[in-house]
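> Show me how the following folds:
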Amino acid sequence: MSSAKTLRIFRFLDELDAFVVTEEYRELADYLHLAEWTPVVWIGRLFRLDNDVGEHWFDNWELREERAAKSNAAGIHEEELLIIDPDRFQDGRDGPCHDALQRKRFWTDVLRSLELSYETLFDEARKANARIKDILPEEYLPDLEDRIERIGSGRFPKGANLA
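Next up, the predicted model:
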């Protein structure tokens, strides 16, 4: 599989100043069991220096609650909102080197443009599947390679256009 084939992860909602996971990525993450409590937990771990604290990169419930009425009016449940809190993107150990506004702009730009290759997504799915085999056997996908092949050949069963 060529690494040239990519998938956009986030969609930015200007009116809410927040992101949601794209439908295409959400379906793929569910199908390959990449989703934990959100489909982007594993990505957050990488963004936060590849450690478990990264799973909390969008734990900002107070910001979601502030936008609840507006998001619900737009047909989006506030729990789906992924809001950049610039203070969560600095740890104070040797800085910060930028002010909160610059961190927010930078991470907004990064997430707006974030696309991951199918190769990266498939490798992560394989690793996650191997980790859960003995821990959560009911979540293990013995047919993971078949699922990957279906996606790679354009035969994704849920009808999403992942090509």
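> Now do the same for the residue nearest the centre of the chain: its pLDDT.
Central residue of the chain (CA atoms, centre = their mean): Val40, 2.4 Å from the mean position. In this model, Val40 is scored at 96, pLDDT.
> Quickly note the distance from the residue with the largest distance to the centre of the chain to Val53.
Within the chain, the residue lying farthest from the chain centre (CA atoms, centre = their mean) is Asp94, at 27.4 Å. Per CB to CB, to the nearest Å, Asp94 is found 17 Å from Val53. (C-beta placed from N, C-alpha, C; glycine too.)
> Next, count neighbours for Gly44.
Number of residues near Gly44 (other CB atoms under 10 Å) recorded here: 19.
> Now do the helices in this protein.
Under the criterion DSSP state H, helices of the chain are mapped to 23-31, 41-47, 61-66, 68-73, 100-113, 118-135, 144-152.
> Reformat those as TSV; add distance to Asp14.
Formatted as TSV, the helices of the chain follow (distance: least, CB to CB, whole Å):
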stretch	distance to Asp14
helix 23-31	18
helix 41-47	22
helix 61-66	16
helix 68-73	12
helix 100-113	10
helix 118-135	27
helix 144-152	30
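> Could you say which of the ones you listed is packed most deeply?
Counting by mean count of other CB atoms under 10 Å, helix 23-31 has the highest mean neighbour count of these, with a mean of 20.
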